[in-house]
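Novice: Sequence and predicted structure are below.
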Amino acid sequence: MVKKEANAFIKNMNGNGSKSNMHSLFLNDTERTLIDTVLETCNGNVTKSADFLGISRGTLIKRIKEYNLKIK
């Protein structure tokens, strides 16, 4: 699953972005998608989502703001 996503990400980059930031871009994109999916699965419950992800509630709130995610 991750390999498939990595290949799709690389194809979508089409030479945009330098080699030095591809790792960071991929991780950020992957983390954003994961957090968004877990929040959706937990019906927007931040505490439950943080427990599911194995991170603190504060860290999750920080990431939600960082990625400009909407809690539904």
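Specialist: Received the coordinates, thanks. Numbering: from 1, shown residues only.

Novice: CA only for contacts and neighbour counts going forward, please
Specialist: Fine.

Novice: Please, where are all the helices along the protein?
Specialist: 2-13, 22-41, 46-53, 57-66 (DSSP state H).

Novice: And these: which comes nearest residue 72?
Specialist: Of all those, helix 22-41 sits nearest to residue 72, with 7.1 Å by C-alpha to C-alpha.

Novice: for the closest one, packing partners?
Specialist: helix 46-53 (3 or more C-alpha pairs under 8 Å, 6 or more residues apart in numbering; DSSP states H and E).

Novice: make it 10 Å
Specialist: Helices and strands touching helix 22-41, by 3 or more C-alpha pairs under 10 Å, 6 or more residues apart in numbering; DSSP states H and E, are helix 2-13, helix 46-53, helix 57-66.

Novice: how about CSV for those helices, with mean pLDDT and distance to residue 39 added?
Specialist: Below are the helices and strands packed on helix 22-41 laid out as CSV (pLDDT from 0 to 100; distance: least, C-alpha to C-alpha, whole Å):
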stretch, mean pLDDT, distance to residue 39
helix 2-13, 77, 20
helix 46-53, 98, 6
helix 57-66, 98, 10
